[in-house]
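Asks: Provided below are the primary sequence and the corresponding predicted coordinates.
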Amino acid sequence: MTVLEVLQATTGYLKKHHIENPRLNAEHLLAHVLRRERLDLYLEFERVLTEWALAPLRDLVKRRGGGEPLQHLLGTLEFCGHVFLCDKRAMVPRPETEQLVELLFADGGLRIAGSRMLDVGTGSGVIALSLASKFPEAEILAVDVSDDALALARENAAKLNLRDRVRFVKSNLLENAEGTFDLIVANLPYVSTQDRRSLAREVLHDPAIALFAGALGDELVRALIAQGPSRLRPGGLLALEIGIGQSEALLSALAEKNYRDIYSKTDYSGVTRFLFARYG
């Protein structure tokens, strides 16, 4: 079979198994097997593929059809211009989280270049390491309750030559985060345990500890809001990614804890997804 024929057959298989963007998935998987850039495939449509390429492709396509995330199959993910390792040890970073980092980059009044920054629930480390790359003079601490996630984050730090820029510590929220910070940013678990059955197959491949917060879904975010004042320097910024429908209650929680300059931002889908507030 030629490259074009394989792409067409793979696209049909993935579409039949209800995979979104089946053609794009097919191209990524084939490019991964052939060790090519995805767009290079368009120059090789007539190339005949042998069994050495078809055999591993079949395995990957079958796993993708079963709902395994594309990022797990590829082993990598692009985030804020960098390529990160990605596997089942931590949640697959979402586009919304990338937007949160971009909002921090774009905030001209943030003035955090020489600051102390804390990433709570760092997962694979994408937020902390993106900040480290953007703000080379900042001191950055990243914490997570999962040993597996921290191991992956450290591997990403080494891969990006940022191992000396970010310190990774095991911590339940701010428990082991020493000192005070100019920025605390967090993409914590915000899914209700009651919503488990409504989640996409791909999402359920993420670690449960990275997804579910409790019966309401906002328990961990509320706990961080309560702990934040003890770790924020005067005027320090708290930046949060939250779940759908949680903004109103969490904005009230911030006001009740005497934060100021409280505001929200929507994601690219128009959902209120990010909250920002200062303290002191």
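Replies: Sure, I can see it. Numbers count the residues shown, from 1 in each chain.
Asks: Next, give phi and psi for the spatially most central residue of the chain.
Replies: Of all residues in the chain, the one closest to the mean position by Cα atoms, centre = their mean is residue 93, 2.0 Å from it. Phi and psi for residue 93, reported as degrees, to the nearest 10, are phi -60, psi 140.
Asks: excluding its backbone neighbours, what's nearest it?
Replies: residue 126 (4.7 Å; Cβ to Cβ, 6 or more residues apart in numbering). Quick note: C-beta positions are derived from backbone N, CA and C, even for glycine.
Asks: OK, contacts around that neighbour?
Replies: 79-80, 84, 93, 97-98, 101, 156 (Cβ atoms under 8 Å, 6 or more residues apart in numbering).
Asks: What about those, which are in helices?
Replies: The helices, defined by DSSP state H, take in 97-98, 101, 156 from the contacts of residue 126.
Asks: before we move on, back to that, can you give me the pLDDT of the residue nearest to the centre of the chain?
Replies: Listed pLDDT for residue 93 reads 96.
Asks: ok, it touching residue 122?
Replies: No. Here residue 93 lies out of contact with residue 122, judged by Cβ atoms under 8 Å, at a distance of 10.7 Å.
Asks: Which residue is the nearest non-sequential neighbour of residue 70?
Replies: The nearest residue in space to residue 70 (Cβ to Cβ, 6+ apart) is residue 25, at 5.7 Å.
Asks: Please report how far that neighbour lies from residue 47.
Replies: Residue 25 sits 20 Å away from residue 47, going by Cβ to Cβ, to the nearest Å.
Asks: Neighbour count for these two, which is higher?
Replies: Set residue 25 next to residue 47 and count neighbours by other Cβ atoms under 10 Å: residue 25 wins out with 21 against 14.
Asks: Might one say that that one is in contact with residue 17?
Replies: No. If you go by Cβ under 8 Å, residue 25 and residue 17 don't touch, sitting 10.3 Å apart.
Asks: Now do the strands in the stretch 1-150 of the chain.
Replies: Counting by DSSP state E, counting those that start in this stretch, one finds strands in the stretch 1-150 of the chain at the ranges 76-79, 82-85, 116-120, 139-144.
Asks: Just put these in CSV and tack on distance to residue 152 and mean neighbour count.
Replies: What follows is these, written out as CSV (distance: least, Cβ to Cβ, whole Å; neighbours: other Cβ atoms under 10 Å):
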stretch, distance to residue 152, mean neighbour count
strand 76-79, 11, 17
strand 82-85, 6, 18
strand 116-120, 14, 27
strand 139-144, 10, 24
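Asks: looking at the ones you listed, which is closest to residue 260?
Replies: Proximity to residue 260 (Cβ to Cβ) singles out strand 116-120 among the strands of the stretch 1-150 of the chain, at 19.4 Å.
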